[in-house]
Each structure stands twice: as structure tokens, then as C-alpha cells.
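# here's a sequence, model it:
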Amino acid sequence: MNKIVSIIVPVYNAEKYIDRCLHSILNQSYTNIEIVLINDGSSDNSLKIINEYAKKYSFIKVYSHENKGVGFTRNFGILQAKGEYIVFVDSDDYIDENYVEILLNSVKNYDAVFSGYKSITENGEIISVNALDQSEWAKYKYTGILGKIYKTKYLIQNKIFYPNYKVGEDLYFALLVINKGAKILTIDYCGYNYVQNSKSVTNSLIEKYDMLPMFQDLYEKIHQDLENDTKLFHFYIKAMLYSIILQKSILSSKEMNEMFFNTMKWIKNCKRKIGIFNYKLESLKIRFFVNLFVFGYCIKINKILFIILKHL
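The predicted structure is shown next:
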């Protein structure tokens with residue numbers, strides 16, 4: 001198998017982590033790769049470090065622009081990629097040595113392969129192993145770039161790119177891939193190491209954000225590709241609810257209730273069935289909260305439920 005795989009790595013103030021990330025890519029068992037490094041306006045030594053790597057390895061390409069954000073930077077990488085397949089790796093994460101080989105061997109006649117990942121401390125200790133099965137719900141389970149390989153031609157032909165949103169761009173991208181008719185294989189391999197550090201978005205929320213405008217924008221792009229896809233709307237409810245719960249330290253109970261109410265009202269206006277959220281690949285905790293708040297919305301007690309949630 002001699003297909004080139006483009007590994008796209010956005011780099012922003014990553015001097016502490018970039019060596020570990022690049023060593024994991026350079027040590028891959030599958031070697032017919034190109035590494036596309038895009039400096040996104042770093043103010044530390046990141047650009048200097050990646051330029052040194054590019055001097056040593058001809059298959060490393062370095063680009064640099066002013067700070068535009070990770071979505072813009074990944075889009076730039078897609079357009080520069082020369083490989084038949086694309087893999088994304090964040091600069092503070094790293095991958096197991098057989099990562100590319102296993103994903104490439106799995107993709108074959110598919111447009112994309114989705115696998116799981118490991119959550120890792122900064123010291124390399126495993127926090128959790130997050131695997132997928134081959135159920136219909138599996139492709140909705142993890143919507144980040146972790147554990148995925150894409151056919152470049154599929155992304156380009158279907159104009160699948162990241163949106164200009166501060167939060168939720170991974171989710172937006174994944175749902176575009178899914179709902180543009182991609183043939184997707186899910187596998188239970190977990191070779192991506194997602195490093196939990198104090199600077200991650202979910203660990204450092206300081207601004208309130210409402211994901212409903214992003215979902216409305218996405219729906220406008222994909223609704224003609226959908227029939228009665230109840231899984232999609234279950235996913236919307238799950239994602240919206242958890243975007244609210246993640247912000248419970250900075251949102252009031254009134255704000256949480258309003259966000260969820262507006263989302264449910266919009267979903268009802270789309271004339272989609274909601275039903276019971278019973279996908280067993282999701283944890284019991286997630287299934288419980290989704291069903292509880294949907295039920296609370298139906299019987300008009302969510303105001304009380306969000307007051308309780310605020311004080312948990």
C-alpha cells in the first residue's frame with residue numbers, strides 16, 4: 001500500500017508539546033506520509049521548532065499565518081494536502097506508532113473511518129479508553145478529530161470545511177461528513193492520545209456561548225440530505241444539553257433553561273420526532289440526563305431542574 005497520507009497539525013503556542021507530537025508521527029509504522037504543519041500566529045518558539053524539523057525532513061511542509069483559529073487553520077491544511085487521505089492531529093496530542101497504518105488498512109472502500117481514543121494526563125497516565133462499536137450510533141459518539149481518517153477527495157468534492165465558530169467546529173465538521181452521505185466505518189481501535197491539559201477549551205471556559213446558531217446554520221446545509229433521521233436530532237439534543245452543562249459554572253439557571261428551551265422549540269419547528277434517547281453506546285449518565293431534561297421540557301419543569309443542576 002503506497003498511498004500518501006497527509007497528517008495536518010495546526011500549531012499554536014505549542015513549544016511545550018510539539019516535539020512529542022512530531023516524534024509520534026515520525027515514528028509511524030506506515031511511512032508514506034506528508035506532514036503539514038501550519039503555524040497559527042504563535043507567539044512562542046513554535047515556528048522556530050517546526051522549521052527545524054522541516055530542514056531535516058523533506059516530507060514536512062511548514063506554513064505560517066497570523067492567528068486565525070483552529071478551524072481556519074485546518075481548512076488551510078486540507079487545501080494544501082497532497083495525500084489521498086487526511087488525518088488531523090492536534091499539536092499537544094500524540095498518536096500510537098501503528099495509528100496511521102491501522103486507519104489506512106481499515107478505510108479501503110470507505111470515505112472515512114472513525115475510531116476511539118485514549119484520554120491521557122500531561123504525564124502520560126491513561127485516564128480513560130474511549131472505544132467505539134459498530135452500531136449505527138457509534139459515528140455520533142465522538143465528533144472531534146480524534147481517531148479519524150478521511151478520503152481527501154470526499155472532503156473536497158462535498159465542500160466539507162470547518163466553520164468560523166469559536167466552539168463546536170469539530171462537531172460541525174463531523175456532522176457535515178456524516179450527513180453528506182459518507183460511507184463510514186467505525187472500529188474499536190484507540191490509538192489517538194488526547195492530552196488533558198489546563199489550557200483546553202472545556203477546562204478554561206470564560207465566555208458564555210450558545211451553540212443553537214451553529215446548529216441552525218448546519219441544518220440549513222444538510223436538511224435536504226436527511227429523511228426521518230431521528231439519530232441526528234437525538235444528537236442535537238445531547239450536544240446542546242451538554243454544551244449547557246459544561247457551562248453551568250458561568251451560566252445562571254435561567255440562562256441554561258432559556259438555551260435548552262430555545263433549542264427544543266427549534267427542533268419541534270423542524271417537525272422531527274424526538275423520542276426516547278436509548279443509544280447504549282452512550283453512558284447511563286448521558287442517557288439519564290438527556291431523557292430527564294426532554295421529559296422536563298414536555299411537562300414544563302425544566303426551570304426547577306436547571307436550578308437543581310446549578311447547585312450540584
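# make it CA atoms for all contacts and neighbour counts henceforth
Fine.
# and the end-to-end length of stretch 219-235?
Taking Cα to Cα, to the nearest Å, stretch 219-235 runs 13 Å from one end to the other.
# can you give me the strands for the stretch 51-200 of the chain?
Assigned by DSSP state E, counting those that start in this stretch, the stretch 51-200 of the chain shows strands spanning 60-65, 85-88, 94-95, 112-114, 117-120, 126-130, 148-151, 184-186, 192-195.
# Trp266: which of these is closest?
Among the strands of the stretch 51-200 of the chain, the nearest to Trp266 by Cα to Cα is strand 184-186 (28.5 Å).
# just checking, what packs against that closest one?
Strand 184-186 makes packing contacts with strand 112-114 when contacts are defined by 3 or more Cα pairs under 8 Å, 6 or more residues apart in numbering; DSSP states H and E.
# for the residue nearest in space to the middle of the chain, phi and psi?
The centre of the chain sits closest to Gly144, judged by Cα atoms, centre = their mean, with a distance of 1.4 Å. Note on Gly144: backbone dihedrals following degrees, to the nearest 10 are phi -80, psi -170.
# distance-wise, check it relative to Lys118.
Counting by Cα to Cα - Gly144 and Lys118 are separated by 13 Å.
# where in this protein is pLDDT low?
Filtered on pLDDT under 70, the chain yields the residue ranges 1-2, 198-206, 224-229.
# what separation do you get for Glu101 and Cys270?
Glu101 is 42 Å from Cys270, by Cα to Cα.
# hmm, back to that, nearest to Leu305, of the strands of the stretch 51-200 of the chain?
Among the strands of the stretch 51-200 of the chain, if distance is taken as Cα to Cα, the winner is strand 126-130, at 29.1 Å.
# partners of that closest one in the sheet?
strand 117-120 (antiparallel) (DSSP bridges).
# list the buried residues for the partner strand?
Tyr117, Lys118, Ser119, Ile120 (16 or more other Cα atoms under 10 Å).
# who's in contact with it?
Strand 117-120 is contacted from outside by 126-131, 146-147, 189-196, using Cα atoms under 8 Å, 6 or more residues apart in numbering.
# mind giving me TSV with the buried residues of strand 117-120 and columns for distance to Ile244?
Formatted as TSV, the buried residues of strand 117-120 follow (distance: Cα to Cα, whole Å):
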residue	distance to Ile244
Tyr117	24
Lys118	24
Ser119	22
Ile120	25
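# out of those, who's nearest Tyr85?
Once Cα to Cα is applied, the member of the buried residues of strand 117-120 that ends up nearest Tyr85 is Tyr117, at 19.3 Å.
# that closest one and Ser249, how far apart?
27 Å.
# any idea how far stretch 238-245 is from the chain center?
Centroid displacement of stretch 238-245 relative to its chain, using Cα atoms, centre = their mean, to the nearest Å, is 15 Å.
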